[in-house]
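Trainee: Got a predicted structure plus its sequence, pasted below:
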Amino acid sequence: MVKINQNYKIKMEKITKSFGDFLALDDVTFNLDFGEVHALLGENGAGKSSLMNVLSGIYAPDRGEISIDGKVVNINGPSDSKFLGVGMVHQHFRLVKSFSALDNIALSINQASYYTEKDNLRHKILKKMDEIGFELDLDNPVGLLSVAEQQRVEILKVLIAGASIIILDEPTAVLTDEESHGFFKIIRSLARSGTSVVLVTHKLKEAKEFSDKISVLRNGKMVDTVIPGELDDEALINLIVGEVFKEKPQLSNNFGEEKLVISDLNLHRTNHAMGLTNINFKIREGEIYGIAGVGGNGQAELSTVLMGLTKLNSGSIKLAGYGDITKFRTDQRRKCGLVYIPADRQKYALAGELSVADNYAVSAILRGDLGSWMGVQKLGKQRSTSEAIQEFDIYGVQRLNQNAALLSGGNAQKLVIAREFSSKPSVVIAHSPSRGLDLKAAAFVHKQLLAARDAGAAVLLLSEDLDEVMLLSDTIGVINRGRITAEFASPADRQKIGKAMVN
Amino acid sequence: MDFLIFWLSNVPGFATPFALGVLGMIICERSGVLNLGAEGFVLVGAMSGAGVLISVGDVPFVALLIAGLSGSLLGLLFGFLVTILRVNQVIAGLIMVFLAQGLTSLLSRNMDWVNKPFAGLSKLNTGILTEIPVIGPIIFQQDLLVYCTLLFYLVAFYFIYRTSIGLRLRAVGENPDAVDAAGGDVILIRLLAVTIGTFFLGLAGGYFTVVVSKIWVDGISGGRGWIIIALVIFARWQLSRALLGAVIFGCIEALIPRLAAIGVQLPQYFVLMMPYAITLLVMVWSNLNPKNIKAAPASLGRPFLREERH
């Protein structure tokens, strides 16, 4: 029996998807109309990408039903969804850089003969481009084209393959403001020609300006679907970030001298990284300076610049007691008391194939606390590691020489923190320190950061989790497109911060 | 003038094995599989060709075919290692060289093929055409495989640049994810490219014994497999430049015996060193131009692993 849902192009009903214990999508219902631009809004991890991955066949849902053009369909893989007319433009393009746009499209549509069909294909593409009204160089290697033009190639790939539903995953993340504007003109004309467009974004402004409908996801649940203009910004932000949790922030009452002074930091934007523009802020002793912002707005760049891992183009970093440390190498900065908790702990904070003891003791060895370069005191290394395991409550260490990669996320992070805090740090730079941790482990991380602060360190907390920033910070800066756009003293208004993050 | 004609008429014979080998390498590496085992595939081909002629009789074309196929057979093992098992391509390539060196040495001794001369493939007799002054001996007095090689290049050019198979082959070496997203089988394409590519390497090896030396001794290729690898870089993985590179090396190799013939006194080891010294110079010269380094297929040497799907 075929169920008929005539009203919508796509109906996704009661979609549930979990990964282990984590519920990524919880009973989500999403409807997409013919020829509409439908924005899917939400914070990182709200479930936007999971929902679209279900639609494009990358994830199989645990429960739920999808119907396209009124027919219930079974999507068992990306090729199924392609056949049903669903095309996804990923945030990271899948282009062969040395091929022309024409060859890239020829490759993607998988036609039997290539050279003889080339002229036909060219005509087809030109006709399509004429329909939606954009221009593109079809013959030069796409690697020479701008990011915006490469995106057009991706859109054309999907359209020429016959898609009537296009999913755009954070399409403006890589575009400048001007390019974004041109991009949305294309999207509007696509919708006019009957294509249904899903715009996955966390940018409130573009969802409001360019979409016909907005659906908001939060923590894997569909919160609401609204028409832009029906709600004001505040109400929308409320939908996105949710209500304030009743957790008690513990503000510092013991600020000291200015410890770290950042003035006029500038870093040029590259193809794969956000730039930084005129970053200015100060952190006092005994203060946690939290930086709130949607991921990918310059947080990673700021943390690596401060640790000396990325060279900045202009500006200065001053540390009390050491003066200007802008030109210092990373090891010199560490000698000044800077410590670093990077966002990707398995990649940057730990050497997974080395033992727990090696990972823990490396900084003490470099400091010369465990002998010289001629020989490391093995016993001292083992003793100090055992002590740290006790003190920081690291579970899952059967032997000191077991690989660090075997530790779970929370315990790996505890090991990182134990090492970084093993010398009394004067400046802590923590990037998403509780990402991927459960509540208990996250609380432990928070406790350690507060303890470092109370011991007089200046702490910079960069986090994409607004709750975490609000809970811990004494001062909150908001980072948006590589700029600090607003600064608040705690306790701050969640709405205002949320607004500064997405505007 | 005679010197020039003699010299140039020998060039195609010396250039052909290089041209065949580089063709095989380009087919293989365009798919993103780094092949440092060229010397090994050449050796296996050389021994198999000689083996057929010694044990079966005077069937030079069968010998050449077997030479190519035995290259492919070892190539299939190499392809299995690097595409399916995703073994490090540098290591797998070097293993092929050592394996082939040991294997050919062992087999040829056991079969008693060493130092046994055979008739091999001789030059074509095109009759009246050979009589044409200057170009007669240069163009029309060659063996059949010389002409076949040109044909192979034309066919390869057609396949690589004109068909959808070639489009996929080129794409797989640049960005396998794009091919995967389009529904192409990355592993299969690479496996095929390796098998076909090593066929031509084996054929190049067969040429050394069946056409040039007409005898098998251990390590007869004398490092020419490595020169082939250098030529691929010189050729920027392009067929037209590959042919040019092969001809240049053919000229150099053909020049050495000519110089000796007219009485130029050169130390023997200096002469033997020449091709390798020139290879070194070519490599240095190639890498001075950043264009050449960038010309390598973007995914060369990188095993393909599809992104996790849940």
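Mentor: Received the coordinates, thanks. Numbering: from 1, shown residues only, chains lettered A, B, ... in the order given.
Trainee: if you look at stretch B:27-40, does any of it touch chain A?
Mentor: No. Against chain A, stretch B:27-40 shows no contacts by C-beta under 8 Å from any C-beta of the partner chain, the least distance being 11.1 Å. (C-beta placed from N, C-alpha, C; glycine too.)
Trainee: can you list the weak-confidence ranges in the stretch 1-150 of chain A?
Mentor: Across the stretch 1-150 of chain A, residues meeting the criterion (pLDDT under 70) sit at A:1-6, A:21, A:44-45.
Trainee: All the strands of the stretch 101-250 of chain A, residue numbers only.
Mentor: Per DSSP state E, counting those that start in this stretch, the stretch 101-250 of chain A carries strands over the ranges A:165-169, A:196-201, A:213-218, A:221-226.
Trainee: tell me, how many neighbours does A:Ser434 end up with?
Mentor: Residues within reach of A:Ser434, counting by other C-beta atoms under 10 Å in any protein chain shown, total 24.
Trainee: Quick check, it in contact with A:Lys447.
Mentor: No. With contacts counted by C-beta atoms under 8 Å, A:Ser434 stays clear of A:Lys447, the gap being 11.1 Å.
Trainee: Between those two, which contacts overlap?
Mentor: Residues touching both A:Ser434 and A:Lys447 (C-beta atoms under 8 Å, 6 or more residues apart in numbering or on different chains): none.
Trainee: Tabulate the strands of the stretch 101-250 of chain A (a markdown table), appending distance to A:Ala207.
Mentor: Formatted as a markdown table, those follow (distance: least, C-beta to C-beta, whole Å):
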| stretch | distance to A:Ala207 |
| --- | --- |
| strand A:165-169 | 12 |
| strand A:196-201 | 6 |
| strand A:213-218 | 5 |
| strand A:221-226 | 10 |
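Trainee: Point out where chain B drops to low pLDDT.
Mentor: Checking chain B against pLDDT under 70 turns up B:307-310.
Trainee: near chain A, which residues of it?
Mentor: B:161-164, B:166-168, B:170-171, B:174-175, B:177-179, B:181-184, B:298, B:309-310.
Trainee: hang on, B:Val90 packs against B:Asn35?
Mentor: No. The pair B:Val90 and B:Asn35 fails to qualify as a contact (C-beta under 8 Å) at a distance of 10.2 Å.
Trainee: out of the two, which sits in the busier spot?
Mentor: Using other C-beta under 10 Å, the more surrounded residue of B:Val90 and B:Asn35 is B:Asn35, with 33 against 13.
Trainee: my guess is that one contacts B:Met25, does it?
Mentor: Yes. B:Asn35 lies in contact with B:Met25 (C-beta under 8 Å); the separation is 6.0 Å.
Trainee: Isn't A:Ser56 up against A:Met88?
Mentor: Yes. With contacts counted by C-beta under 8 Å, A:Ser56 reaches A:Met88, the gap being 4.5 Å.
Trainee: joint contacts of the two?
Mentor: A:81, A:167.
Trainee: Tell me which stretches of the stretch 51-200 of chain A form helices.
Mentor: A:78-83, A:101-109, A:118-132, A:147-160, A:177-192 (DSSP state H, counting those that start in this stretch).
Trainee: Quick check: which of these is buried the most?
Mentor: helix A:101-109 (a mean of 24; mean count of other C-beta atoms under 10 Å in any protein chain shown).
Trainee: angle of it against helix A:147-160?
Mentor: 40 degrees (axes from the mean of the first three to the mean of the last three C-alpha atoms, to 10 degrees).
Trainee: Next, the angle helix A:118-132 makes with helix A:101-109.
Mentor: Going by the same axes, to 10 degrees, helix A:101-109 makes 100 degrees with helix A:118-132.
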